[in-house]
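> quick one: sequence and predicted model below, then my questions.
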Amino acid sequence: MTSLVSMLYLMTWTPAPLALPAALARAHHLTSDEAIVVPFEILASKHMAVQIMVNGQGPFRVIFDTGAPFTLLSNKVSKQAKITFTKNQGRANPMMMAGSYTVDELQMGEASVKKMPVMVMDHPTVVAIARFVGPIEGLLGFPFFARFRTTIDYQAKTMTMIPVVYEPGNVLQDMTRMLMAPKNQKVIKTLGSGGLWGFDVAKQEGDEEAGIDVVQVWPDSPAATAGLKKGDRLLTLDGTWTESSEDTWRAASQVRLGQPIEMTVRRNGEDLKLTLTPREGL
Amino acid sequence: MKATRRWTLVCLSVLTLAACSRADDPPPEAERPAPKKNTTIYRVPYQLTTTKHVLVRVKMNGKGPFNFVLDTGAPALFIGTDVAKKVGVEPGKGGMGVFEQFEIEGGLKLQNVEAKLEEPFQMAGMNKLNITGIRLDGFMGYTLLAKYRITYDFTDPHLLFEEIDWEPPPPVGLRQMGGKPPANVEAMGNLSKFAAGLLGRRPDPVIQYRGFIGVELEEVNDGIRVVRVLPNSPAAQAKLQAGDIILEFADKEVSSLTGLYRQALKHASSEELEIKIKRGDKESSVTLQPIKGL
């Protein structure tokens, strides 16, 4: 039970880049400088369609869907590309029975991902769209495009992709794990920033105005150096709206230490921009 | 088998692919060529949910923020009717509504944005289950997304929205293309709502904050050195001094800042902590009472 609890704590409620201190979340290395340009088609339904190769077979036309947490392929593709079942690890995994498979290689133009989990299914919405726009064999979702720095240009009808070091995880496994947990499982999310800023914020119950009150500024801290004052209304931190402590912490945890960022504060009815550089510390 | 079916339904319910069925679609226009270079680029903060949805926040008519899923699988901008009502917008012709002010976090301010006022079943299902722990208020689809060159990079905490000088041709509903809304799609929606009802709502996560101590630190050869102790901070109260080397933090040996931050994140601001330090040649334990602060 304990392992399940900690797994939940780690896997489900912690959006990957958020809860980690900036120093840990700094995996911003590109694996290649070479940008891959892939053309796409705008269907009459205004979905983006791309051609993919699955295990060297194809091409198959699929919808490119940033709203899809997983990749879904039709039974036709599965058969033609000989997609294999994901091996059952340990105890019974209900999602496996529901069609969790692994593709050895999925290619979209020059962009390629190996060993990618997919779902095999003739999804009714996909089938319905295909009836009007011609064959569609699935949806290409997050586990594929998350491996690239992806720029979508509807006007040019191209996607520009640069591989990045990012592990998208397996949403089906995560969700199964989460949904298998007891319904009233308490989920704790600890927010924090590695780094020293030197201020605190708070919002009164029922305060619906934009921003949050600065309730403490420690002397000699980066916040004090930046000119932040107790009583200021903090409106944004590095472009993020600070409507709550949670927002403030979340924004702060994503800033690289030593890098100056802008804060907007309201003081005596005037909006001011302050530049603050967080330093290493706690 | 019943359980399996239920999982499948719930998992499918997070697929936001939507087919537009706007009844009064204008006819498609010829696409305009001549791309013009425009250099306004907005850095838009986002959150990635448990369900791997990319969320951006929006203030509408000065109210909010509301959470939107960026969804190239949706042909238009969808906003739940109750959310629209909250900001004073009622559905008009064809279930459409116009939002006078529509501000995307990161400084992108739009005016008179048209949206389909409807809560797609995927959104209803996810909210009912509270899968993400974050309320979803809308889907941002083609009609809005196509106006920008958008860069997604999950190693970066911001998306980039680059304005392009182009008016995307409006979407055509499936209905206009000669079909009717597929019955099995609707059936699926109902089933997923049913599954959500069976599984019940997940509780909201409990938010806590890593404790504030009030020390500036640096990594040196023999560990982590205290550079400065802020006045009136928990560190000052515990009589920590500049030059102290931190050896252990909450009973864990720490030798790098990254390791220390990771360890600090495991302890909420209300928790008393013990740290082991070296001052000169002497080692000692210090009890700290962290507080809330950044």
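On my side now, so go ahead.

> output the below-cut-off pLDDT ranges for the chain.
Looking at chain A here, since you left the chain open. A:1-33, A:86-99, A:178-179, A:183-184 (pLDDT under 70).

> you answered for a different chain; I wanted chain B.
Within chain B, the ranges that satisfy pLDDT under 70 run B:1-38, B:172-199.

> outline the domain layout of it.
What automatic domain parsing lists as the domains of chain B is B:2-199, B:215-288.

> can you dump the C-alpha atoms of stretch B:148-157 in CSV for me?
Written as CSV, here are the backbone C-alpha positions of stretch B:148-157 (Å, rounded to 0.1, in the frame of the first residue of the first chain):
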residue,chain,number,x,y,z
TYR,B,148,-0.4,31.5,-34.3
ARG,B,149,2.8,29.7,-35.0
ILE,B,150,2.9,27.7,-31.7
THR,B,151,6.0,26.0,-30.4
TYR,B,152,5.6,23.1,-27.9
ASP,B,153,8.7,22.1,-25.9
PHE,B,154,8.2,20.2,-22.7
THR,B,155,11.7,20.9,-21.5
ASP,B,156,10.7,24.6,-21.4
PRO,B,157,8.1,26.1,-19.0
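
> for chain B, which segments count as helices?
B:2-12, B:81-86, B:121-129, B:142-145, B:183-199, B:234-237, B:257-264 (DSSP state H).

> equivalent analysis for chain A, please.
Applying DSSP H to chain A gives helices spanning A:2-11, A:16-19, A:75-80, A:94-97, A:124-133, A:142-145, A:171-180, A:222-226, A:245-252.

> what's the closest non-adjacent residue to the closest residue to chain B within the stretch 1-150 of chain A?
Going by Cβ to the nearest Cβ, chain B is nearest to residue A:67 of the stretch 1-150 of chain A, at 3.1 Å. Heads up, the C-betas are built off the backbone N, CA and C, glycines and all. Sequence neighbours aside, residue B:71 is the residue nearest to residue A:67 in space, at 3.1 Å (criterion: Cβ to Cβ, 6 or more residues apart in numbering or on different chains).

> quick one: contacts for the closest residue to residue B:239 other than its chain neighbours?
Distances taken as Cβ to Cβ, 6+ apart put residue B:286 closest to residue B:239, at 7.4 Å, once the chain neighbours are dropped. Residue B:286 makes contact with B:238, B:239, B:240, B:274, B:275, B:276, B:277 under the criterion Cβ atoms under 8 Å, 6 or more residues apart in numbering or on different chains.

> 7 Å - rerun?
Contacts for residue B:286 (Cβ atoms under 7 Å, 6 or more residues apart in numbering or on different chains) come out as B:238, B:240, B:275, B:277.

> isn't the second one up against residue B:224?
Meaning residue B:240. No - with contact defined as Cβ atoms under 7 Å, residue B:240 does not reach residue B:224; the gap is 11.9 Å.

> between these two, who's got more neighbours?
residue B:224 (25 against 22; other Cβ atoms under 10 Å in any protein chain shown).

> which residues touch residue B:158?
Neighbouring residues of residue B:158 by Cβ under 7 Å, 6+ apart: B:43, B:44, B:45.

> what does residue B:66 give?
Contact analysis of residue B:66 by Cβ under 7 Å, 6+ apart lists B:57, B:58, B:60, B:83, B:137, B:138.
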